[in-house]
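Undergrad: okay, predicted coordinates and the sequence, questions at the end:
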Amino acid sequence: MSMHAFGEQTLPTWKRAVLKVGSSLLAADNGGLSERFAAGLAQFVAQARAQGREVVIVSSGAVAGGRGVLHAADTTLTQRQALAALGQAPMIALWQRLFDVPVAQVLLSHDDLRNRRRYLNARATLRELLQLKVLPVINENDTVAVDELKLGDNDNLAAVVAALVDADLLLIATDTPGLYSGHPVHDPEAKPVPHVAAITPDIVRMAAGDAGTLGTGGMRTKLEAASKAAAAGIATALFCGRDADTVAALAQNRLRGTFIDAHGDRLLARKLWMRHAPPGLHGVRVDAGAAQALDTRGASLLPGGVVAVEGEFGRGDLVEIRLAGDAGARVLARGLVQYNSADLRRIVGRHSREIESILGYRYGEAVIHRDDLVVLPPGHVEKEPAA
């Protein structure tokens, strides 16, 4: 099976990507971790950053790193958790050795991404790391995860992270050239599948076999991840991370592998939910300047534009935005609020730079970030909220 069985195709323009790197690309033959394949991937990331792009790495390898330290078995979940705890340091150290910029480790669990407040916290942290030009390296928090809560593999975690950071592209580096019409080892008639318009049952049936001894996900989980990403409006590229030419071609926006189309708008699903959720009993009143900025400039809602807080709500809740003094109770917009009602009352009308001095902390300069806000059409009137 030739590594170059897949012809080159042009990737769409992208500004932010999530790169998933599996255990098979990081594990050394004699145990522990190796830079053999990671070095080429790191070079691609460095080139992408030099081009003004942003990359978030989702990296496996903690359990393999732990094996290299203890040479212990990991036949049970608790053994894997222990090795993951031990291997996190060597795994992140490997990535830091390969970059001349700071690398930040972020551990995520299913609960972090299911709970709206933790979801916002994770997104705010990753957004800030990217703004600081730091390279985030994300892994599932295997140390505290249990069977029924685990995301299952870092392929699916990478898809969730891609949606979390509003990525344009999900890149999955694997140890095979891409998707084939059958198992490329067992089926002599298997042919490369360079393009997938939609992940159908027939496409899923092409993925056979498991991930071997080093990973928790095979091609099937990669297709599951691509399906999740596609639904969030994010395309996926599968490629061989062991082939230096294939990895180098990525920096020139050339893919040798399988490209899977997106079939949704990146922000549409979340904004549709915000638009059509049942009316709430809490919200904020804003001045005319803030209302205009939201409506015509696609701005975030800042505390200086907030006039009053109505009702009680927590960080991450969906709130409604109305114009102060508007007896008609028109809802201008809805969004996920960054501060709870008690804290927001303390910063109403204040400049964003004052938030930390007033509260002792800040989640960001916006009360509601523009990515978490949907402006409603004129005439959208709902029941007046309770005070």
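TA: Cool, the structure landed. Remember, predicted model here, so these are calculated numbers, not experimental data. Residues are numbered from 1 along each chain as shown.
Undergrad: quick one: contacts for residue 170?
TA: 17-18, 20, 158-159, 162, 225-226, 229, 234-237 (C-beta atoms under 8 Å, 6 or more residues apart in numbering). (C-beta placed from N, C-alpha, C; glycine too.)
Undergrad: what segments of the stretch 101-250 of the chain are strands?
TA: For the stretch 101-250 of the chain, the strands defined by DSSP state E, counting those that start in this stretch cover 103-108, 135-140, 169-174, 195-196, 235-240.
Undergrad: residue 221 is nearest to which of those?
TA: The closest of those to residue 221 is strand 169-174. By C-beta to C-beta, the value is 9.7 Å.
Undergrad: on that earlier part again, for residue 49, find the nearest of the strands of the stretch 101-250 of the chain.
TA: Across the strands of the stretch 101-250 of the chain, residue 49 has its closest neighbour in strand 135-140 (7.8 Å, C-beta to C-beta).
Undergrad: pLDDT of the closest one, averaged?
TA: The average pLDDT within strand 135-140 is 93.
Undergrad: direction included, what does it pair up with?
TA: Sheet pairing for strand 135-140, assigned by DSSP bridges, gives strand 54-59 (parallel), strand 103-108 (parallel).
Undergrad: what about residue 200, neighbour count?
TA: By other C-beta atoms under 10 Å, 10 other residues sit near residue 200.
Undergrad: for it, give its distance to residue 138.
TA: Separation of residue 200 from residue 138 (C-beta to C-beta, to the nearest Å) stands at 30 Å.
Undergrad: what's the neighbour count on residue 53?
TA: Neighbourhood size, residue 53 [other C-beta under 10 Å]: 17.
Undergrad: is it in contact with residue 18, as I believe?
TA: No. Shown here, residue 53 and residue 18 do not form a contact pair, counting by C-beta atoms under 8 Å, at 11.9 Å.
Undergrad: show me where pLDDT drops low in the stretch 101-250 of the chain?
TA: Counting by pLDDT under 70, the stretch 101-250 of the chain shows low-confidence ranges at 110-111, 114, 142-153, 208-217.
Undergrad: circling back to that earlier point, which of the contacts of residue 170 sits closest to residue 66?
TA: Distance ranking of these against residue 66, using C-beta to C-beta, places residue 20 first at 20.0 Å.
Undergrad: in contact with residue 258, which residues?
TA: For residue 258, counting by C-beta under 8 Å, 6+ apart, the contacting residues are 6, 178-179, 192-196, 237-239.
Undergrad: coming back round to it: among the strands of the stretch 101-250 of the chain, which is nearest residue 334?
TA: When the strands of the stretch 101-250 of the chain are compared by C-beta to C-beta, strand 103-108 sits nearest residue 334, at 26.4 Å.
Undergrad: with just CA atoms, put that closest one into PDB.
TA: Extracted C-alpha coordinates of strand 103-108, given in PDB (Å, rounded to 0.1, in the frame of the first residue of the first chain):
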ATOM      1  CA  VAL A 103       2.900  25.600  25.100                       C
ATOM      2  CA  ALA A 104      -0.100  25.400  27.400                       C
ATOM      3  CA  GLN A 105      -1.700  22.200  28.600                       C
ATOM      4  CA  VAL A 106      -5.500  22.100  28.800                       C
ATOM      5  CA  LEU A 107      -7.200  19.000  30.100                       C
ATOM      6  CA  LEU A 108     -10.900  18.600  29.300                       C
END
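Undergrad: coming back round to it: could I get the strands of the stretch 101-250 of the chain in a markdown table, plus columns for distance to residue 366?
TA: As requested, the strands of the stretch 101-250 of the chain are exported to a markdown table (distance: least, C-beta to C-beta, whole Å):
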| stretch | distance to residue 366 |
| --- | --- |
| strand 103-108 | 21 |
| strand 135-140 | 21 |
| strand 169-174 | 26 |
| strand 195-196 | 37 |
| strand 235-240 | 29 |
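Undergrad: tell me which of those strands sits most buried.
TA: Highest mean neighbour count among the strands of the stretch 101-250 of the chain (mean count of other C-beta atoms under 10 Å): strand 169-174, with a mean of 28.
Undergrad: partners of that one in the sheet?
TA: Paired neighbours of strand 169-174 in the sheet (DSSP bridges): strand 16-21 (parallel), strand 235-240 (parallel).
Undergrad: so which of those strands comes closest to residue 336?
TA: Residue 336 lies closest to strand 16-21 among these, at 20.1 Å (C-beta to C-beta).
Undergrad: the closest one: what's the following helix or strand?
TA: Beyond strand 16-21 in the direction of the C-terminus, DSSP states H and E gives the next helix or strand as helix 38-50.
Undergrad: can I get that next one as CSV, trimmed to CA atoms?
TA: Taking C-alpha atoms only, helix 38-50 is exported to CSV below (Å, rounded to 0.1, in the frame of the first residue of the first chain):
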residue,chain,number,x,y,z
ALA,A,38,5.8,14.7,16.0
ALA,A,39,8.7,16.8,14.8
GLY,A,40,7.2,17.1,11.2
LEU,A,41,3.8,17.9,12.6
ALA,A,42,5.3,20.6,14.8
GLN,A,43,7.1,22.1,11.8
PHE,A,44,3.8,22.3,10.0
VAL,A,45,2.2,24.1,12.9
ALA,A,46,5.1,26.5,13.2
GLN,A,47,4.8,27.3,9.5
ALA,A,48,1.0,27.8,9.8
ARG,A,49,1.5,30.2,12.7
ALA,A,50,4.2,32.1,10.7
